[in-house]
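Engineer: Sharing a model that was predicted from the sequence below.
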Amino acid sequence: MLDDKADKILIIRLSAIGDVIHSLPTAYAIRQKYPNAQIDWLVEDKAFPLVNMNPYLDNAIILPRKKWKKEIKDKGIIHTIKEFWSFYKMMRNKNYDISLDLHGLFKSSFSAFLIKADLRMGPADGRELSQFFYQAKIDLKDSKLHKVERSLQLAGALGANTELVNYGLKITPVVKSRVSRLFEMEKINHNKRLIILNPFTTWESKNWFLERYFGLADELIEEGHYVIFTGSNSDKEAIEKYDGKKDSYSNLAGKTDLQELTEIYNRADLYIGGDTGPTHLAAAVGLKVIALMGPTDPDTHGPYGEGHTVIQDNSLKCIRCWDEQCSRNMQCMKSITVNQVMRIARKKLDKMKLEDGVNESN
């Protein structure tokens, strides 16, 4: 039986960015159940900026695994082991009443074990022997839930109401100001529809083809829209090969942090990309998404919420194969055409125009 008066709660969801985004609504749900508790979140450094935006948390704490890996090479294993134990000693001294592991892997469950909350909770179907480190194993109603719903069901084990999905992505005035300056520097045209194209993912097999993104950009620009390419710093050079109308697009790959990217998506009208963290970030801020998917499952990993469209060729036998490297000549992504994506984009943009007309008449 859970104690409704728990004073300190630790949520654990370490990586990747997309999965952390899917887990963010649990902070709001738990906060509603425990309004006066200290609620902290343990996360790895890459997704830390998003967790740190959440107003329903007291502290976002980085698990410095990346730093430890580097220190083993630079300072040796003895130094790194000392750093490791020092970190977990600090975490144990926080005296958490409950830890909730949303991740369900060895690295997250072992962290929970070392932190030694009074009650360690995690998914009964956790992998890599993670369930052996929990004191309470949470059974899920359905094995095939969307990641957002899965995380919320885990939070429901704490008695939280999980009906309302609130990501808690609070954008500060400072971040808004930085993005405004970036838009001014890039001469982004606010009078046109802003269309986000995010060409790259972390898996080669999930990537649509860059030349098709460029063809899509050409058509969107021809129809009077402004295109913004987003991505990581490693994507910047490839996107720079695009040779469109200079005053009708910007390449912002590598020019923003995650908080700035959140505000950019908040200002845009439509997002097009594969199954990757930025796609889920776009959906989380309410931006309409067209997701181009092949090896992964839209039911569990597609953009969450209403108004989004997933393009996936379900006639292929190899669809949803979950292979990071494709051995079938990328048939699932080849089957998605520029015309197909453009047709859906037009429908969404036409609907926005109609809705704008209705709002203006009111």
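Structural biologist: That came in fine, so what should we check first?
Engineer: mind listing what Ser151 touches?
Structural biologist: Arg13, His22, Ser23, Pro25, Thr26, Leu102 (CB atoms under 8 Å, 6 or more residues apart in numbering). To be clear about C-beta, it is placed using only N, CA and C from the backbone, and glycine gets the same treatment.
Engineer: gap between the first one and Ser108?
Structural biologist: When you say that, I think you mean Arg13. 7 Å (CB to CB, to the nearest Å).
Engineer: just the third one next, same as before
Structural biologist: From Ser23 over to Ser108 the distance is 11 Å, taken as CB to CB.
Engineer: what ranges do the strands span in the stretch 1-150 of the chain?
Structural biologist: Counting by DSSP state E, counting those that start in this stretch, one finds strands in the stretch 1-150 of the chain at the ranges 8-12, 38-43, 59-62, 98-101, 119-123, 136-138.
Engineer: Can you lay out the ones you listed as JSON lines showing mean neighbour count, mean pLDDT and distance to Asp74?
Structural biologist: Formatted as JSON lines, the strands of the stretch 1-150 of the chain follow (neighbours: other CB atoms under 10 Å; pLDDT from 0 to 100; distance: least, CB to CB, whole Å):
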{"stretch": "strand 8-12", "mean neighbour count": "25", "mean pLDDT": "98", "distance to Asp74": "27"}
{"stretch": "strand 38-43", "mean neighbour count": "23", "mean pLDDT": "98", "distance to Asp74": "23"}
{"stretch": "strand 59-62", "mean neighbour count": "17", "mean pLDDT": "97", "distance to Asp74": "18"}
{"stretch": "strand 98-101", "mean neighbour count": "28", "mean pLDDT": "97", "distance to Asp74": "30"}
{"stretch": "strand 119-123", "mean neighbour count": "23", "mean pLDDT": "96", "distance to Asp74": "33"}
{"stretch": "strand 136-138", "mean neighbour count": "17", "mean pLDDT": "95", "distance to Asp74": "39"}
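Engineer: Distance to Phe87 added to those strands, as TSV?
Structural biologist: Listed next are the strands of the stretch 1-150 of the chain as TSV, based on distance: least, CB to CB, whole Å:
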stretch	distance to Phe87
strand 8-12	14
strand 38-43	10
strand 59-62	9
strand 98-101	15
strand 119-123	18
strand 136-138	25
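Engineer: Nearest to Phe209 among the ones you listed would be which one?
Structural biologist: When the strands of the stretch 1-150 of the chain are compared by CB to CB, strand 38-43 sits nearest Phe209, at 32.9 Å.
Engineer: Mind listing residues that contact that closest one?
Structural biologist: Residues outside strand 38-43 that contact it (CB under 8 Å, 6+ apart): 7-15, 20, 27, 30-31, 51, 54, 56-63, 91, 94, 96, 111, 115.
Engineer: mind running it again at 7 Å?
Structural biologist: 7-14, 20, 27, 30-31, 51, 56-63, 111 (CB atoms under 7 Å, 6 or more residues apart in numbering).
Engineer: who are the neighbours in contact with the residue nearest to Gly305 when sequence neighbours are not counted?
Structural biologist: Leaving out its chain neighbours, the residue that sits closest to Gly305 by CB to CB, 6 or more residues apart in numbering is Ala283, at 5.5 Å. Ala283 makes contact with Val289, Pro303, Tyr304, Gly305, His308, according to CB under 7 Å, 6+ apart.
Engineer: Of those residues, just the buried ones, ChimeraX syntax please.
Structural biologist: Buried members of the contacts of Ala283, defined by 16 or more other CB atoms under 10 Å, are picked up in ChimeraX with:
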select :289,303,304,308
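Engineer: which residues sit against the helix or strand of the chain with the lowest mean pLDDT?
Structural biologist: Using mean pLDDT, DSSP states H and E, the weakest-scoring helix or strand in the chain turns out to be helix 338-361, at a mean of 85. Helix 338-361 is touched from outside by 193, 212, 215-216, 219-220, 269-270, 272, 288, 290, 292, 309, 311, with contacts defined as CB under 7 Å, 6+ apart.
Engineer: Could you list the alpha-carbon positions for stretch 284-294 in CSV?
Structural biologist: The C-alpha coordinates for stretch 284-294 follow below in CSV (Å, rounded to 0.1, in the frame of the first residue of the first chain):
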residue,chain,number,x,y,z
ALA,A,284,4.5,17.4,-27.6
VAL,A,285,4.2,21.2,-28.3
GLY,A,286,1.1,20.7,-30.4
LEU,A,287,2.7,21.1,-33.8
LYS,A,288,1.0,19.0,-36.5
VAL,A,289,3.3,16.2,-37.6
ILE,A,290,3.7,14.1,-40.7
ALA,A,291,5.9,11.2,-39.7
LEU,A,292,7.6,9.1,-42.3
MET,A,293,8.0,5.6,-40.8
GLY,A,294,9.3,2.2,-41.9
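Engineer: Show me where the stretch 251-362 of the chain dips below the pLDDT cut-off.
Structural biologist: Filtered on pLDDT under 70, the stretch 251-362 of the chain yields the residue ranges 357-362.
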